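> Sequence first, then the predicted structure:
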Amino acid sequence: MKRFMAMLLVLTLSGSILAGCGAPKETAGDDNTPPAVNEQKPAENEAVEGQMAKIGLGHITSIAKSKDLEGEKAPVGQVDTVMVAAGFDKDGKVIKVTIDTAQTKVEFDKDLQVTTDVAQNGKTKVELGEEYGMKKASQIGKEWFEQAAALGEWMVGKTVEEIKAMELKDGKATDAELASSVTVSVGDYIAAVEEAYNNAIEIGNGAVKLGLGTEISMAKSKGYSKADGKETLPVAQVDTVMTVGAFDADGKVVGTIIDNAQTKVQFDAEGKVTTDKNAEIKTKVELGAEYGMAKASTIGKEWFEQAKALGEWMEGKSVDEIKSLKVKERDESHKNVPDVPELTSSVTITVESYIATIEEALTNAK
């Protein structure tokens, strides 16, 4: 009996020892854990290298090419607006960029009456495409829109400082590779991409495309008139709406910037330009409180505040959802004012142009 109990004790102890020598249980982070388990995913709002983290809009407007009435030469109000929409990664490198220019002319006759069809919207150089007519005069046989696209492609992957370091001669690129595809002067486009970076706003994750939408109106231009002792002097007015949109893979807005350059070239009764042709032309956003909407606003908000609120409302929505915004007519000049609770306290401007340009931004997005 004693021998049996001794043998039983030996077997029990042997089993315990074997159990203690068994393979250890796997624990999280152990060296034996597959590498994929140890990979850290970025936080929900954390910027990822190589993806758009910010978007910006840069622009430069000039009226320097406007002309007086001189003999048989009729006066012209010319507004040139350079526009650059750019997306940047977390390190400030350009991820996406679109370059365009609106060269808009309002022509008058010798009697200072408007001869341009101001009921038609103007077109940018990119929109004009082959119609712009640079190719026939280009030494490299490329249209303006092709050269602008090539310049944008060269900017991708570079920081603004690297772009600004481009060597120029008479405003044109001297780099042999770039000079073979870009012969236009590039100074304004470099300045505009720098402005886009300096004014860039942060956006959420998921942006894969960036687009620029524009709408150009000359409808508020006027010729000379005099009635009942009241004189109306000629003015060429060009309103250039610019909207930058960043979109996710499903076409929903991830971020947006809305601005409007309301530019006037004024003439006297003799057809001479009276507006300072060398003055800095500011957009409504750049004018800020100087634009003066707050004092006349029923909600006490400036134009730039309302444009920002509208852009923020667009985020997370598809273009179709944005286009379905319920609107109301406030007066003859404001026929499409938002009529939804989330906007009535922040947006009282008419919004049709901004909805049209976010749609165009998506159409043009790349």
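All right, it came through fine. What you see is a predicted model; the values in this text were computed from it and never measured. Numbering: from 1, shown residues only.

> Only C-alpha atoms from now on, for both contacts and neighbour counts.
Will do.

> can you pull out the strands in the stretch 201-350 of the chain?
Taking DSSP state E, counting those that start in this stretch as the test, the strands found in the stretch 201-350 of the chain are 201-202, 209-217, 225-227, 230-232, 235-247, 253-266, 327-328, 337-338.

> where along the stretch 51-200 of the chain do the strands fall?
For the stretch 51-200 of the chain, the strands defined by DSSP E, counting those that start in this stretch cover 54-62, 76-88, 94-107, 168-169, 172-173.

> Dump those into JSON lines; add mean pLDDT and distance to Q262 as well.
As requested, those are arranged in JSON lines below (pLDDT from 0 to 100; distance: least, CA to CA, whole Å):
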{"stretch": "strand 54-62", "mean pLDDT": "98", "distance to Q262": "10"}
{"stretch": "strand 76-88", "mean pLDDT": "98", "distance to Q262": "10"}
{"stretch": "strand 94-107", "mean pLDDT": "98", "distance to Q262": "12"}
{"stretch": "strand 168-169", "mean pLDDT": "92", "distance to Q262": "32"}
{"stretch": "strand 172-173", "mean pLDDT": "92", "distance to Q262": "30"}
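
> which of these is buried the deepest?
Comparing those by mean neighbour count (mean count of other CA atoms under 10 Å), strand 76-88 ranks first with a mean of 26.

> Dump the C-alpha coordinates for that strand into CSV.
Taking C-alpha atoms only, strand 76-88 is exported to CSV below (Å, rounded to 0.1, in the frame of the first residue of the first chain):
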residue,chain,number,x,y,z
VAL,A,76,-11.7,99.0,-72.0
GLY,A,77,-12.0,97.9,-68.4
GLN,A,78,-9.8,94.8,-68.0
VAL,A,79,-9.7,92.7,-64.9
ASP,A,80,-7.1,90.0,-64.7
THR,A,81,-7.4,87.6,-61.7
VAL,A,82,-4.9,84.9,-61.2
MET,A,83,-6.2,82.0,-59.1
VAL,A,84,-4.4,79.0,-57.5
ALA,A,85,-6.2,76.3,-55.5
ALA,A,86,-3.8,74.1,-53.6
GLY,A,87,-3.8,71.2,-51.2
PHE,A,88,-0.9,70.6,-48.8
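
> other SSEs contacting that strand?
On a contact count with 3 or more CA pairs under 8 Å, 6 or more residues apart in numbering; DSSP states H and E, strand 76-88 meets strand 54-62, strand 94-107, helix 187-198, strand 209-217, strand 235-247, strand 253-266.

> buried stuff in the third one?
Same thing as helix 187-198. For helix 187-198, a neighbour-count test (16 or more other CA atoms under 10 Å) marks D188, Y189, I190, A191, A192, V193, E194, E195, A196, Y197 as buried.

> how far away is the residue nearest the centre of the chain from W313?
Central residue of the chain (CA atoms, centre = their mean): V244, 2.6 Å from the mean position. The spacing between V244 and W313, counted by CA to CA, to the nearest Å, is 14 Å.

> likewise E329?
Remark: distance between E329 and W313 (CA to CA) = 20 Å.

> Same drill for those two, tell me which one is more crowded.
W313 (16 against 13; other CA atoms under 10 Å).
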